[in-house]
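Undergrad: pasted the sequence and its predicted model underneath.
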Amino acid sequence: MNALAGKHLVLGLSGGVACYKSAELARLLAKAGATVQVVMTEAAEQFITAVTMQALTGRPVYGSQWDAREPNNMAHINLSRAADAVLIAPCSADFIARLAHGRADELLSLLCLARPAESVPLLLAPAMNREMWAHPATQRNLAQVRGDGAVVLGVGCGEQACGETGDGRMLEPAEIMEELAAFFSPKLLAGEQVLITAGPTFEAIDPVRGITNLSSGKMGFAIARAAREAGAEVTLVAGPVHLPTPRGVRRIDVVSARNMLEAVDGQAHEASVFIATAAVADWRPAASAEHKIKKDGSGEVPALAFVENPDILAHVAQGERARSGRLYCVGFAAESENLLAHARAKRERKGVPLLVGNIGPATFGQDDNALVLVDGAGHQELPRASKQVLAQQLIAEIARRLGHTRAA
Ligand code: C5P
C-alpha cells in the first residue's frame, strides 16, 4: 500500500543550507522502500558532503557530467532513464532559473533536460531566502518551469537560516514524503469532496473543566491523509487533538459536539463523501457555569445534570443530500466487545450504507488498529495494521462502493 515502495528516485541537491534536510529525506525515502540515486551540484557540496549522502543511500553520488565511472560516459542519460521521478530538494533560485532556461552545463540540470519528460516527472522542493522567493524573476521562472511540466511542491513559511522570517523555507522531509506519496498514489477519489470528523469533543462544565474521552484523532487524520493522496478535496473537522494537519487538507478546529455539528452543517452541502470518525460525547452538562465552580470547604459536591448531544452522523445521513444519493455516509463504531453485532445494529440505527467497527480501548491513542467493515452485503475484516495502511484500504473500499453507487 506504500506508494513509494519499489520506486527509484533521482534526488538532486542544489546549493542551499537546506541541504542538511536532504540527508533526513534520503533516509525516509529508503525507509519507505524507495531506492535513491543522489546527484549534487558543486554548490550543494559546499553544504553537505557526498560521503554522507552515499552512506545514507548506499550508492555512489554523482556530481559531474564527465564522470568516467559510466562505461558510455553519459551519466545524464543513464541516471535519468532509470528513474521513476527526479526530485530536486533543495531546489535553489539559481537552479530554478537554470531549469527555466534549459541550461545543460552541469550534470543535474543536464539530466533534468535530458530526461524523458513524459515518463519521468520532475518535482521541485524550492528553498531560498524570502526576498529571493518573492522576487518577480523567481516567480517568473517558477511559472515557466510549471508550464514546462515540473511539479512545484511549495515552500514552508517561518524562520530562515539568514535570520529573516517568511516564505521560502524548504518543506520538512516528512512533508516532502507526504507530497511524494500523494503524487504516486492512484487517484481513486479524484473529483470527490470528502468531509471527515475526527477526535473527541470537549463539553465544558465551567471555564476550566469539562468532559471528554480518550480518542486521539489518529484514525480520522490518517483517513484524511489517505483521501487527499487518492485525489479528493478533503475537509477535516477536528475536535481537540494534538496532531499536525495532513498536507493539502483543509482543517476546521472545533471544541464541543454542537460546534462540530455547526461546522459539518456548513460543509456537508458541498461534500460527496462524509466519514464520521469522531468520538462525539454522547452527553454534555445541561448547563456550563460562567465562572469556575468553587470548592467551599463544606464537603458539598456539585450535582451535574446532562443532556444528550446531537447525533451528527444520523443528522447528516437523514439529510436530503444523503437520501438522494449525492452524499455517501460512513460511520464508525468504537466498541469494547461483541464488535460485529454492535456494528451491524449501529449501521441500521444510523441509516448509513457503510459502518466501520473497531475495538475502542484497544486502539485509542495507538498507531495501529483492526477494522471490520459492515455494509448491506455483509462484513469484511481489515486485519491489524498501521492506521495509515488501514486508512488507505478503507479509502479503496469506499472508492469501490462509490463506483458501484455512481454507476447504478
Ligand atoms: O452512537 P455512537 O457514538 O456509538 O456512533 C458512532 C458513530 O456516530 C461515529 O461515526 C461517530 O462519529 C458518530 N456520532 C456522531 N455524533 C454523535 C455521536 C456519534 O456523529 N453525537
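TA: Okay, I see it. Numbers count the residues shown, from 1 in each chain.
Undergrad: what helix or strand is the residue in the stretch 51-200 of the chain positioned nearest to the ligand located in?
TA: Closest approach between the stretch 51-200 of the chain and the ligand, counting by Cβ to the nearest ligand atom: Thr197, at 5.6 Å. Using the backbone N, CA and C atoms, a C-beta is placed for each residue, glycine as well. Assigned by DSSP states H and E, Thr197 belongs to strand 193-198.
Undergrad: can you list the strands that the helix or strand immediately after that strand in the chain pairs with?
TA: Later in the chain than strand 193-198, the nearest helix or strand by DSSP H and E is strand 203-206. Taking DSSP bridges as the criterion, strand 203-206 sits next to strand 209-211 (antiparallel) in its sheet.
Undergrad: circling back to that earlier point, pairing partners for the strand holding Thr197, with directions?
TA: Assessed with DSSP bridges, strand 193-198 is paired to strand 233-238 (parallel), strand 273-276 (parallel).
Undergrad: contacting residues around the last one?
TA: Surrounding strand 273-276, the residues in contact under the criterion Cβ atoms under 8 Å, 6 or more residues apart in numbering are 189, 192-197, 220, 223, 227, 232, 264, 268, 312-313, 316-317, 322, 327-332, 398, 402.
Undergrad: what's around Ile359, how many residues?
TA: If you count neighbours by other Cβ atoms under 10 Å, Ile359 ends up with 17.
Undergrad: what's the answer for the one 10 residues further on, then?
TA: The number of residues packed near Asn369 is 22, by other Cβ under 10 Å.
Undergrad: numbering from 39 from now on, please.
TA: Noted, 39 is the first residue going forward, which turns the last one into Asn407.
Undergrad: the strand or helix carrying it packs against which elements?
TA: Element membership of Asn407, judged by DSSP H and E, is strand 406-413. Judged by 3 or more Cβ pairs under 8 Å, 6 or more residues apart in numbering; DSSP states H and E, the packing partners of strand 406-413 are helix 377-388, strand 392-397, helix 398-401, strand 416-424, helix 425-445.
Undergrad: mean confidence for the fourth one?
TA: In this model, strand 416-424 carries a mean pLDDT of 95.
Undergrad: can you tell me how far Met112 is from Ala93?
TA: Using Cβ to Cβ, to the nearest Å, Met112 is found at 26 Å from Ala93.
Undergrad: oh sorry, the question was meant for Thr176
TA: Counting by Cβ to Cβ, the gap from Thr176 to Ala93 is 33 Å.
Undergrad: name the residues that touch the helix or strand containing Ala138?
TA: Element membership for Ala138 (DSSP H and E) is helix 131-139. Identification of contacts with helix 131-139 by Cβ under 8 Å, 6+ apart yields 52-53, 79, 81, 126, 146-147, 150, 160, 162, 164, 166, 170-171, 173, 175-176, 178-180, 182-183, 186, 188.
Undergrad: mind giving me the PyMOL select for those, buried ones only?
TA: PyMOL command restricting those to the buried ones, with burial defined by 16 or more other Cβ atoms under 10 Å:
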select buried, resi 52+53+79+81+126+146+147+150+160+162+164+166+170+171+176+179+180+182+183+188
